[in-house]
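1. what follows is a predicted protein model with its sequence.
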Amino acid sequence: MKRSDREKELSRRMITRRALGLGAVMTAVTGTLMWRLRDMQLEQADAFRLLAEENRINLRLLPPTRGLIHDRNGVLLAGNEQNYRVVMTRDDAGDIDLVLARLQKLIALDDEAVARARDDMMRNRPFVPVTVAERLSWEDISRIAANAPALPGVTPEMGLSRLYPLQADLAHVVGYVGPVSDRDLEGQDRPDPVLMIPRFQIGKSGVERAQEDRLRGKAGSQRVEVNSVGRVMRELDRVEGEPGENLHLTIDARLQNYALERLDGQSAAAVVIDVESGDILAAASAPSYDANLFVRGISSKDYNGLLENDYRPLVNKCVQGMYPPGSTFKMVTALAALDAAETDGRERVFCPGHMDVSGNRFHCWKRAGHGRVDLVSALAESCDVYFYEMSQRCGIERINAMSERLGLGIRYDLPMTSVASGLNPSREWKLRTRDADWRIGDTVNVSIGQGYVLTTPLQLAVMTARLASNRAVLPRLIRDPMERAAPQAASLDLRPEWLEMIRRGMSDVVNDRRGTAYSSRVVDPTMVMAGKTGTSQVFRITQAERDSGIRRQEDLPWNRRNHALFVNFAPLDNPKVAVAVIVEHGGGGSTAAAPIGRDILLAALNDGRPPLSAYPTSQRNRISAEQDALAERLRDLGAFRVSRA
Amino acid sequence: MSYLEYNTQRMPKGAAKMLHLNWALVVLLIAVACYGFVMLYSVAGGSARPWMEPQLQRFVIGLAVMFIVAMVPIWFWRSVSGLAYGLSTLLLLGVEFFGAVGMGAQRWLEIGPLRLQPSELAKITTIMALAAYYDWVDIKKISRPVFVVGAALIVLFPVFLVVRQPDLGTSLLIAAAGGAVIFAAGVHWAYFAGVIGTFAGLVFAVFASRGTDWQLLKDYQYRRIDAFLDPTLDPLGAGYHINQAMIALGSGGWSGRGFMEGTQSRLNFLPEKHTDFIFTTLAEEFGFIGAGSLLVLYMLILAFCLVTVLRTSNRYAALLAVGVTANFFLYFAVNTAMVMGLAPVVGVPLPLISYGGSAMMVLMVGFGLLQSAHVHRPRLPT
């Protein structure tokens, strides 16, 4: 625009004034920068030069020694083994591909490993050493050392790697370690620097994962002098890290080994628990897998094999498997009725073989009926009608409350992976999740452990332990080796006369001729056993099937067969150990699960091996043969026993 | 302003214009660029490749561009200011929609074989647009809110687009250079107090938003701020760059460790040693003498730029020169403050020295405009 001379003069003055002002600010800022430069380069030059010197001195993180895991008797469950490996630093190697190609000529190194090492190096900062090959032989290492000049940036190292001496025995409990993945670092704002060490291994499942913080320890550091091309000349000093804490599990490795082998060939789980302390003595889930495979990097073929196996070896059925408890739930129904004062237990109920409830007919497993049964005989013979009747008297809310009191439907805080809570159904639960009203038929189903109720083998073991000890025992997996006595749980406050009836019923299950598991009795008077069988339907039996005659379990495809369950404890007069066994699709509880429960319980009472003398004379020949066959597969743990410090 | 405002009789014409250039400035630019060549030779381990040679070519081209721009009358540049601003804004929008992603940010626009960084271009065009704007606005109405808002929009539109790339460093430079022009134009100081106050509030908001789902910056930018506030916190992680840079700089001492003797850059401890962190290598190898003398050279460049500002009575030309000066100042001040640990690590190159094409070219165009203002300044009739 056209401006008057006055305006032009005004503009010019303003710009001059303001530009000089800006000039002053710029001068002041540059002066400050100059001052800072002077301060750093002249005042603090020595300190910085020292730092520059230290730069030539490399700081390396030393991975801490991971804590060991022992069983209750000091048997090593997870240890660390010496391991020769080769690390490579991108910065020092120069042409990575050339060096890797040379390395491939010296040691067995597949293309996949080379590609992985290459990726690791490119992903990390150039000075970070990356593991190229592990578990090398001494010959490999010496060959590399001899060719060192042709392999810039390559350093042989000795390190520790995780080893599970008992292989598959505790894979589900102890878990395994694996390299840190991006997922592990997610959500960690300032991750432990030791996690940045390439291929540093952390717990991925089981105790290894749940107790990672205690097992990991703290990283140490090492200062090494490097020459102009970055090759390590000598170690200057070394700050050892803090090794991880050693853990002692409540598991008895010998018993665990026995239990797992006893379950071999089936998709099954067994939990052994101390009735007073809640110590988990064994938690076997069959089939298992060798945890060492995961440490070494499992091949996709092996991994797919595990994933596609119908028996689901990767699942810890003890705590993750949820099953209808079947008749093993009947103690809950009985106690709920007693607690509600709906029966005194001596009252007899007539079982005609079925019961009609609001237009539906509920069958007893014995079509001819049991006649008149009281609580004890109803348990012993597993009469369904008796419990149908009791459940209608006391109602689902009482059953739900008693179930929870006995430890079912609770998610236990154990250092294991994916501990399931099971399902303790109630009116409120059904309304919330199914948007449907609770029906009396639902209660009747639950009374015999069918319908909505789901439990894990661990929960059944806890329930049995609580029935045996009348204490609110909580399962635990880790114990303080220094503790003098196991902690005692609070009393469950069930009336002794009720428990007396329940125990008598459970005793009759195995010790009375009419009991459902009479063939699994124990004759040794010091180890008298009590138990309860259970057979839970996986598929509803349709009326059509019932009419055409129920097909025998053996004729059904495996995955439609019933689950077989058995819970037991012993000795009857002074209970010490409780066991819960489930054989997936095993058929009947008395035939498929009870013999296993007896064997494992006897093993638990006798340092991991059942004594032949405890079995009825008529069975000893067969049992002896079975034991001999099993003994060949059992592990001698003498070699793994570590004297306790 | 129009052509008629000039005393055309006294305006140099043709080749004679060369004599009226701000020659001191030209000499200073060449001197600073030589520092750059030496350092690029050094960080390449004593080799003209891969950095020094292309940089030398670029600088020569840049000088030529500067002379050409300087020869074109300043009133021509005024008349195309709006056009240039519009064009660069379109290119920024192009980045928004078609830009290539590199290092977690969209900054580049690829048009055929050409790789363009429109945010660099926007630095100059924003200044041009502002200068033209204030040349147009009535001086007496300059502090009226409506005209201040107009200027603010001119600045904030490209700033907004650059922030979205995201390139916080460049966007702050554009905003600050624009602010200098607005300030020099004579807008009431209360506005600046207001803006600075708001900015302080914004900084607070940026920190307060951290970790919430309306987080204002990318995580890597927060980590840079963390590292800036306390580089020792994480010497192997976020603070690595700045720590190593400070070590290199400080260890230079009075006279440095000698040409090509800096251990920090030799052993690859320095990041980006040929671009953003090149000042540290200079300081390491030539010490306070080298680094300090570079700062003095920069100061002299500023001084001679101011001479141009003060000598032209033309409003557009003076404001444009102020903008170019401020832009140049911000470049080296932010870069050196950054490597000395006084400012967060933002991607700002050291002007005329860091390796890189876009920034150098834009800088030389800026100086060309300033030279044009110098050559074509109105002469008083005698």
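-> Great, that's in hand.

2. residues in contact with the residue in the stretch 101-250 of chain B positioned nearest to chain A?
-> Residue nearest to chain A within the stretch 101-250 of chain B: residue B:250 (2.6 Å; Cβ to the nearest Cβ). All C-beta atoms are positioned from the backbone trio N, CA, C, and that covers glycine. Contact partners of residue B:250, counting by Cβ atoms under 8 Å, 6 or more residues apart in numbering or on different chains, are A:40, A:41, A:44, A:45, A:47, A:48, A:49, A:51.

3. measure it to residue A:45 for me?
-> To residue A:45, residue B:250 is 6 Å away according to Cβ to Cβ, to the nearest Å.

4. cool, residue A:417 as well?
-> According to Cβ to Cβ, residue A:417 stands 56 Å off from residue A:45.

5. what does the stretch 1-150 of chain B have sitting close to chain A?
-> B:2, B:135, B:136, B:138, B:139, B:140 (Cβ under 8 Å from any Cβ of the partner chain).

6. secondary structure of residue A:221: a helix, I assume?
-> No. Going by DSSP: H, G, I helix; E, B strand; the rest coil, the assignment for residue A:221 is strand, not a helix.

7. quick one, phi/psi of residue A:162?
-> phi -70, psi 140 (degrees, to the nearest 10).

8. okay, it: pLDDT?
-> On the pLDDT scale, residue A:162 is placed at 91.

9. tell me the contacts of it?
-> Counting by Cβ under 8 Å, 6+ apart, residue A:162 has contacts A:66, A:78, A:79, A:80, A:81, A:176, A:177, A:201, A:295.

10. the second one contacts residue A:169, correct?
-> No. Between residue A:78 and residue A:169 there is no contact, the gap being 11.2 Å when judged by Cβ atoms under 8 Å.

11. tell me the secondary structure for residue A:86?
-> Under three-state DSSP, residue A:86 comes out as strand.

12. how much space between it and chain B?
-> 22 Å (Cβ to the nearest Cβ, to the nearest Å).

13. residue 41: how many residues sit nearby?
-> No chain was given, so I picked chain A. By other Cβ atoms under 10 Å in any protein chain shown, 27 other residues sit near residue A:41.

14. not quite, go with chain B.
-> Using other Cβ under 10 Å, the number of residues around residue B:41 comes to 20.

15. is it true that it touches residue B:48?
-> Yes. Using Cβ under 8 Å, residue B:41 makes contact with residue B:48 at a distance of 6.2 Å.

16. before we move on, back to that, closest to chain B among the contacts of residue B:250?
-> Nearest to chain B among the contacts of residue B:250 is residue A:48, at 2.6 Å by Cβ to the nearest Cβ.

17. how far off centre is the helix or strand that closest one falls within?
-> Following DSSP states H and E, one finds residue A:48 within helix A:45-56. On the basis of Cα atoms, centre = their mean, to the nearest Å, helix A:45-56 sits 50 Å off its chain's mean C-alpha point.

18. what about the strands in chain B?
-> Per DSSP state E, chain B carries strands over the ranges B:100-102, B:105-111, B:114-116.

19. who wins for neighbours among the contacts of residue A:162?
-> Among the contacts of residue A:162, the one with the most neighbours (other Cβ under 10 Å) is residue A:78, at 29 neighbours.

20. that one - that's part of a strand, no?
-> Yes. Counting by three-state DSSP, residue A:78 is part of a strand.

21. need the per-residue pLDDT for it.
-> We have a pLDDT of 93 for residue A:78.

22. list the contacts for the nearest residue to it once chain neighbours are set aside?
-> Spatial nearest neighbour of residue A:78, chain neighbours left out: residue A:69 (4.0 Å); criterion: Cβ to Cβ, 6 or more residues apart in numbering or on different chains. Taking Cβ under 8 Å, 6+ apart, we find residue A:69 in contact with A:76, A:77, A:78, A:174, A:207, A:208, A:215, A:246, A:247, A:248, A:249.

23. from these, which is closest to chain B?
-> residue A:215 (23.6 Å).

24. element containing that closest one?
-> Going by DSSP H and E, residue A:215 is in helix A:212-216.

25. keeping just the C-alphas, turn that helix into CSV.
-> Below are the C-alpha coordinates for helix A:212-216, written out as CSV (Å, rounded to 0.1, in the frame of the first residue of the first chain):
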residue,chain,number,x,y,z
GLU,A,212,10.4,-64.4,37.9
ASP,A,213,11.2,-61.5,40.2
ARG,A,214,12.7,-63.7,42.9
LEU,A,215,14.5,-66.1,40.5
ARG,A,216,16.0,-63.5,38.2
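
26. show me the shaky parts of the stretch 51-200 of chain A.
-> A:54-58, A:125, A:127, A:187-191, A:198-199 (pLDDT under 70).

27. tell me where it has helices.
-> Taking DSSP state H, counting those that start in this stretch as the criterion, the stretch 51-200 of chain A carries its helices at A:90-93, A:96-106, A:111-123, A:138-146, A:171-174, A:182-185.
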